[in-house]
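Student: Next comes the sequence, and after it the predicted model I'd like to discuss.
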Amino acid sequence: MISVITGDIVNSRKSLPENWLGLLKSELNTHGETPAEWEIYGGDSFQLLVKDPIQALLATIRIKATIRTIKPLDVRLAIGIGEMTFQSSKITECNGSAFVSSGEKYNALKKERQNLAIKSPWPGFDTTLNLCLRLGLIVMDRWPVNAAEVVRLALLNPDASQSELGSMLEKRQNTVSTRLARAHFDEVMEINELYKNSLKELL
């Protein structure tokens, strides 16, 4: 089992590519190499292979936090979990149920009015997690730039204390604490834990 994330930048025409393209590439590059594990295509769409599906949701949260640091941008993301039955040197040429599920869910996102969703071989898992994500997105879709910056930094430095995060941002610890609380960071991480624990039982 692998996972594939298909996504695109929301409101990309409202910001010059140089404002976000380098940041997106930098984030995707932390997960693998292009073009075998990630590619940007069609101007503002991309696909990312996350070999361990347990890490896929955290990867999407990191991508979202990264893009939300640039106003007025957001990102639409679909996670497909399944198999890879055809492998190519370019991820966009690979195939298998993970790719099909990711593409199908991505195509359904606009109609479902949801910016992040999952499609796996387990409908019950999908129903529960997509409900949790729909509720979580009430917060994540409204992250202001300063909250997204702190969330992104916290995700990139999971072992850092709030005081250390404050030093990185040149902000006081209580500022970091306030922004993480407003971003409902702990609750978002609880959704990720639910995702990981539920998936471990299925894999």
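Tutor: Arrived safely.

Student: Need the three-state assignment for G7.
Tutor: Assigned by DSSP: H, G, I helix; E, B strand; the rest coil, the conformation of G7 is strand.

Student: excluding its backbone neighbours, what's nearest it?
Tutor: Nearest residue to G7, sequence neighbours excluded (CB to CB, 6 or more residues apart in numbering): L77, at 4.2 Å. Where C-beta positions appear, they are placed from N, C-alpha and C, glycine not excepted.

Student: got a list of what the one you found touches?
Tutor: The contact partners of L77, by CB atoms under 8 Å, 6 or more residues apart in numbering, come to I5, T6, G7, T60, I63, K64, Y106, N115, L116, A117.

Student: Hmm, the first one is touching I79, no?
Tutor: Looking back up the chat, that one is I5. Yes: I5 lies in contact with I79 (CB atoms under 8 Å); the separation is 5.6 Å.

Student: Give me the common contacts of the two.
Tutor: By CB under 8 Å, 6+ apart, the residues touching both I5 and I79 are A56, T60, S102.

Student: which SS state does the last one fall under?
Tutor: Right, S102. When the rule is three-state DSSP, S102 gets the label helix.

Student: Looking at the shared contacts of I5 and I79, which is nearest T178?
Tutor: Comparing these against T178 with CB to CB places T60 closest, at 25.0 Å.

Student: what sits up against the host helix or strand of the closest one?
Tutor: Using DSSP states H and E, T60 maps to helix 56-68. Here helix 56-68 makes contact (CB under 8 Å, 6+ apart) with 3, 5, 7, 9, 20, 23-24, 27-28, 30-31, 48, 50, 73-75, 77, 79, 81, 115-116, 118, 140, 143, 145, 147-148, 151-152, 155-156, 188, 191-192, 195-196.
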